[in-house]
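Novice: this one's sequence-less:
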Ligand SMILES: [Zn+2]
């Protein structure tokens, strides 16, 4: 019996809390363009819950462990250095990420910054499932 399986009496075992990671690097578009769907398919949505409606091939990684998730963010920020990192060092961003993810199961971390290469860099760790008793849209149990 796997976790998340419906036991047939209205009881659904909890899915292990985890985070799905998404990445977008490119031009930033205003919300109006996002609403009109005039943006690349992997551009960040306006609402956080809409991340989990993305096709599975947009999920770049899935983590059940806070430190593994923080290590992923560190790699992404190191590869795409924020243009304002002198004022808000990567180390501080990572500490904030760690605190947020540890504070409560179900917390998301969403980054958006301009890189020194003038690209909009969006990196998101989206908690899944969103509510008790829900399934993971990607089949993680
Ligand atoms: Zn999931």
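Specialist: Ah, there it is. Treat the numbers as computed from the prediction; the structure is a model and nothing was measured. Numbers count the residues shown, from 1 in each chain.
Novice: residues of the protein that sit close to the ion?
Specialist: The interface of the chain toward the ion, taken as CB under 5 Å from the ion, is made up of 128, 136, 140. Any C-beta I mention is one placed from the backbone N, CA and C, and that applies to glycine too.
Novice: what's the distance between the residue nearest in space to the middle of the chain and residue 35?
Specialist: In the chain, the residue lying closest to the centroid (CA atoms, centre = their mean) is residue 125, at 2.2 Å. For residue 125, the distance to residue 35 (CB to CB, to the nearest Å) stands at 24 Å.
Novice: strands of the protein, residue ranges please.
Specialist: 18-26, 61-63, 109-114, 120-128 (DSSP state E).
Novice: please identify the most buried of these.
Specialist: The highest mean neighbour count among the strands of the chain, using mean count of other CB atoms under 10 Å, belongs to strand 120-128: a mean of 21.
Novice: tell me the strands beside that strand, with direction?
Specialist: strand 18-26 (antiparallel), strand 109-114 (antiparallel) (DSSP bridges).
Novice: give me the contact list for the longest one.
Specialist: Looking back up the chat, that one is strand 18-26. 40, 42-44, 51-52, 54, 58-64, 69, 72, 76, 80, 101, 108-109, 115, 119-128, 136, 138, 140 (CB atoms under 8 Å, 6 or more residues apart in numbering).
Novice: residue ranges with poor pLDDT in this structure?
Specialist: 1-14 (pLDDT under 70).
Novice: if we go to 50?
Specialist: 1-3, 7 (pLDDT under 50).
Novice: for stretch 76-95, measure first residue to last.
Specialist: 15 Å (CA to CA, to the nearest Å).
Novice: brain fart, stretch 134-141
Specialist: Where stretch 134-141 begins and where it ends lie 11 Å apart, using CA to CA.
Novice: and that stretch, how far from the chain's centre?
Specialist: Stretch 134-141 sits 15 Å away from the centroid of its parent chain (CA atoms, centre = their mean, to the nearest Å).
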